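**Student:** the amino acid sequence is not available; the structure is as follows:
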């Protein structure tokens, strides 16, 4: 049982990171019906932005760890990635918005490859060690169940961001506009909603959340490299589909489910199957509920 | 008479392919020869994916998985079954060629069976959901192979004899093209095109859509398996060759060439295989240029290089499907 709870704790921490990335996928998909393949790489850029910010601020050297500076690093990398997301949308996705969806998808893959290779060129292909912006400590939750304060930070920050996002989308005018655009873009436009601006905001928020995930992953798994975004990116997308793409609570549930099941596989079966379990669960869920756990089944109009 | 002409055509093609290979081996340097072989393998992959994505209008991004099944099945057949069936004779001459042909068939058939298994349940799903499930199957297949020790697992599968040469891959590409082109022009091909244009309308007109979609999947998987078999008898075999990125690469070839255009797929596959080689002068920046080119091409020509047109020998561009006349 100890083993179970230990893996559960690890899985929840890792799943929160998936959930944060999945939110960006699901928001963009909800509005543009675009699988934003570059999203995983925005997360990578987020981790590197945090890395360089922390180094520039001198955080991470012995004795300099402070929650305040860590928050500055987090917000800074979120801002950088929000800018990056807006730029990507403006330069690459907007010109193909009226083209077929597969064209947009290939463009997204192009952007993803660009970010990866530019990352290798600029940051170097060798892994970097993320500075310890918060001094590590181990906490005993129950007998034999150990978590680090980093994992707790990850879960707290992720929960905070998700609550903030939910409030933003449900309670503000901009959030309402986002829901309207996701519901029906043309109708929203006719109601006077500035669709372009809403799409820009969506990309900014999604990318900022990915950057937060990049920072948090740097805390718990301090090795960062330019190709680190590929696998988490795909799995986060799987998480979004699992929860029902377009649905924000769905992305959160999907991400957590994915993280927990991965750690259960690592704990009980074998770590070599870790990358496959996500897809096995996905396929089972989709065969039972083709629109994902919380997705709405849209009836086809003839 | 027609049968006679067909047979003559086949014989001519075989002779041509062997002739090209003999000439190429003598004239070209090994590097260019290798690029040509990889080009042809990619042409087979792109053509077979085009059948699913471009012609039937489904969206599969797990083609590397089928390629992996074909590669490993045929390699395992060559390594484990051929010595039992043919003995030492299987190393040279006609026996070797026959054994290789059989192993390619094995690769294709096992992959087609996998295509059936994947296709059948997936047909409840549409669009992006289908895409992500095919991606998932591709990854599951890769991880499963990685955990089979008999085919080398994470070490890679060593000891597969190198049988593939330009003649084999050109022959494979030609056969793939011929089969899919003839299929497209047939009654069944029209049904596939109808599904692409409007699935509901096709169904209303009595096209058994599920059966056709699964068939397209199976045929596509068969040829992907053939490509895999050719690949596994050419170069070092490891599951890293069949990652999600490989699937994406094939999708890009199809989209870049023009979805639904067979000559477009050939063009796309050739371009995307040679482009990284041509960009070698830029060494470190080559993949950056490559990805930028991809974005620019998609913005400039969203329908792909050829759209739905085909290039014929005379250099004329022909529309594959006539524009539908507006109703009412």
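**Tutor:** Ah, there it is. For clarity, every value in this text was computed on a predicted model and none was experimentally measured. Numbering: from 1, shown residues only, chains lettered A, B, ... in the order given.

**Student:** residue of the stretch 1-150 of chain B nearest chain A, please.
**Tutor:** Residue nearest to chain A within the stretch 1-150 of chain B: residue B:136 (3.2 Å; CB to the nearest CB). (Each C-beta comes from the backbone N, C-alpha and C, glycine too.)

**Student:** distance of that residue from residue B:118?
**Tutor:** Applying CB to CB, to the nearest Å, the value for residue B:136 to residue B:118 is 10 Å.

**Student:** overlap in contacts of the two?
**Tutor:** Common contacts of residue B:136 and residue B:118 (CB atoms under 8 Å, 6 or more residues apart in numbering or on different chains): residue B:62.

**Student:** return the helix or strand in the chain with minimum mean pLDDT.
**Tutor:** This is for chain A. Sorting the helices and strands of chain A by mean pLDDT, DSSP states H and E puts strand A:138-142 at the bottom, at a mean of 83.

**Student:** what strand or helix carries the closest residue in space to the residue of the stretch 1-150 of chain B closest to chain A that isn't next to it in sequence?
**Tutor:** By the measure of CB to CB, 6 or more residues apart in numbering or on different chains, the closest residue to residue B:136 outside its immediate chain neighbours is residue A:279, 3.2 Å from it. For residue A:279, the host element (DSSP states H and E) is helix A:274-288.

**Student:** show me the contact partners of that helix.
**Tutor:** Identification of contacts with helix A:274-288 by CB under 8 Å, 6+ apart yields A:231, A:235, A:238-239, A:241-242, A:257-258, A:261-262, A:265-266, A:292-293, B:121, B:124-125, B:129, B:132-133, B:135-137, B:139-140, B:143-144.

**Student:** quick check: ChimeraX command selecting the buried ones in those residues.
**Tutor:** Burial among those is assessed by 16 or more other CB atoms under 10 Å in any protein chain shown; the matching ChimeraX selection reads:
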select /A:231,235,238,239,241,242,257,258,261,262,265,266,292,293 /B:125,129,132,133,135,136,137,139,140,143,144
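
**Student:** tell me the spacing between residue A:164 and chain B.
**Tutor:** Distance, residue A:164 to chain B, using CB to the nearest CB, to the nearest Å: 28 Å.

**Student:** which SS state does that residue fall under?
**Tutor:** helix (DSSP: H, G, I helix; E, B strand; the rest coil).

**Student:** can you give me the buried ones in the helix holding residue A:279?
**Tutor:** Buried-residue list, helix A:274-288, by 16+ other CB under 10 Å: A:274-283, A:285-286.

**Student:** what pairs with the least confident helix or strand of chain A, parallel or antiparallel?
**Tutor:** Sheet pairing for strand A:138-142, assigned by DSSP bridges, gives strand A:145-148 (antiparallel).

**Student:** mean confidence for the strand it pairs with?
**Tutor:** Here strand A:145-148 scores 86 as its mean pLDDT.

**Student:** list of residues touching it?
**Tutor:** Here strand A:145-148 makes contact (CB under 8 Å, 6+ apart) with A:2, A:5-6, A:9-10, A:13, A:136-141, A:220.

**Student:** just the buried ones from those, in PyMOL syntax?
**Tutor:** Remark: buried members of the contacts of strand A:145-148, expressed as a PyMOL selection using 16+ other CB under 10 Å:
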select buried, chain A and resi 6+9+10+13+220
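
**Student:** max pairwise distance over the contacts of strand A:145-148: which two?
**Tutor:** A:2 and A:136 (21.6 Å; CB to CB).

**Student:** helix or strand right after the longest helix that chain B contains?
**Tutor:** If you go by DSSP state H, chain B has its longest helix at helix B:93-122. Beyond helix B:93-122 in the direction of the C-terminus, DSSP H and E gives the next helix or strand as helix B:127-146.

**Student:** what about the strands in the chain?
**Tutor:** Answering for chain A, as no chain was given. Ranges of strands within chain A are A:128-129, A:138-142, A:145-148, A:223-224, based on DSSP state E.

**Student:** wrong one, chain B
**Tutor:** Remark: strands assigned in chain B by DSSP E are B:309-311, B:317-319.

**Student:** ok now do the residue nearest the centre of chain B, which residues does it touch?
**Tutor:** When CA atoms, centre = their mean is applied to chain B, the residue found nearest the centroid is residue B:45 (1.6 Å). The contact partners of residue B:45, by CB under 8 Å, 6+ apart, come to B:63, B:67, B:223-224, B:227, B:250, B:253, B:269.

**Student:** would you mind listing what in the stretch 51-200 of chain B touches chain A?
**Tutor:** Counting by CB under 8 Å from any CB of the partner chain, the stretch 51-200 of chain B comes close to chain A at B:53, B:59, B:121, B:124-125, B:128-129, B:131-133, B:135-137, B:139-140, B:143-144, B:146-147, B:154, B:200.

**Student:** where does chain B dip in pLDDT?
**Tutor:** B:1-3, B:88-90, B:313-328 (pLDDT under 70).

**Student:** quick one, helices of it?
**Tutor:** B:2-27, B:30-50, B:63-76, B:82-86, B:93-122, B:127-146, B:166-185, B:187-197, B:199-204, B:209-232, B:244-257, B:262-278, B:286-300.

**Student:** now do residue B:312 against chain A, distance only.
**Tutor:** Between residue B:312 and chain A the computed distance is 25 Å (CB to the nearest CB).

**Student:** how many residues are close by that residue?
**Tutor:** By the criterion of other CB atoms under 10 Å in any protein chain shown, residue B:312 has 10 neighbours.

**Student:** distance check, it against residue B:6.
**Tutor:** 19 Å.

**Student:** what about the stretch 51-200 of chain A, any weak spots by pLDDT?
**Tutor:** Using pLDDT under 70, the stretch 51-200 of chain A drops low at A:60-65.

**Student:** hmm, try it at 90
**Tutor:** A:54-71, A:96-106, A:109, A:124-125, A:130-150, A:183 (pLDDT under 90).

**Student:** which bits of it sit near chain B?
**Tutor:** A:92, A:95-96, A:99-100, A:102-103, A:106-107, A:109-114, A:116-118, A:120-121.
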